[in-house]
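A.B. asks: Sequence plus the predicted model coming up.
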Amino acid sequence: MIPEFPFFDEIKIMQQCPICDAKFARGMFTLLGGKTNNYFLHVQCSSCLQSVLILIGFADHGTSVIALVTDLDKNEVVRMCKKNNISQNDVLDFTNIMKNNNKFTQLFDIIYEKNKHK
């Protein structure tokens, strides 16, 4: 179970949908992760069904918020966060493929083979 964001009443930022301006209710915010004074949230508008990822940080000098409109639901975000990071070798493979023969399909074959064994 993904916990609800505990500080809804303390913030006045992002309490309405950036697309349709519908109000977000308290239980709509889902805490996906965080550390002391920094939180990663997901909210989906019940009116237009648009999702927003929110990174919020509380500090002595104020509150910082970064919001990203997305089509990902909270379970997709959680799944994506668990994926492996892109390695330096992945970037080099991509660069070499694009330099040498510009065949995008070869890149997908390499990615498929690497992930097949995980």
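C.D. replies: Received it, and whenever you're ready, just let me know what you need.

A.B. asks: What separation do you get for residue 91 and residue 98?
C.D. replies: Distance, residue 91 to residue 98, using CB to CB, to the nearest Å: 11 Å. Every C-beta, even on glycine, is put in place using the N, C-alpha and C of the backbone.

A.B. asks: try residue 46
C.D. replies: Using CB to CB, residue 46 is found at 43 Å from residue 98.

A.B. asks: sorry, back to before: looking at residue 91 and residue 98 now, which is surrounded by more residues?
C.D. replies: With neighbours defined as other CB atoms under 10 Å, residue 91 and residue 98 compare such that residue 98 has more, 13 against 10.

A.B. asks: tell me the pLDDT at that one?
C.D. replies: With respect to pLDDT, residue 98 has a value of 74.

A.B. asks: so is it in a helix, a strand, or just coil?
C.D. replies: The assignment at residue 98 comes out as helix when based on DSSP: H, G, I helix; E, B strand; the rest coil.

A.B. asks: Next: residue 41.
C.D. replies: Taking three-state DSSP as the rule, one finds residue 41 in the strand state.

A.B. asks: Now it: closest residue in space that isn't a chain neighbour?
C.D. replies: residue 54 (4.3 Å; CB to CB, 6 or more residues apart in numbering).

A.B. asks: List the contacts of that neighbour.
C.D. replies: 14, 29, 39, 40, 41, 42, 43, 65, 66, 67, 68 (CB atoms under 8 Å, 6 or more residues apart in numbering).

A.B. asks: could you give the mean pLDDT of the helix or strand harbouring it?
C.D. replies: Assigned by DSSP states H and E, residue 54 belongs to strand 51-59. When pLDDT is averaged over strand 51-59, the result is 88.

A.B. asks: can you give me the strands in the chain?
C.D. replies: Secondary structure of the chain (DSSP state E): strands located at 29-35, 38-44, 51-59, 62-70.

A.B. asks: ok, residue 59 - contacts?
C.D. replies: Counting by CB under 8 Å, 6+ apart, residue 59 touches residue 37.

A.B. asks: Could you report the separation of it from residue 38?
C.D. replies: 9 Å.

A.B. asks: before we move on, what about residue 90?
C.D. replies: Look at residue 90 and residue 38: by CB to CB, they are 27 Å apart.
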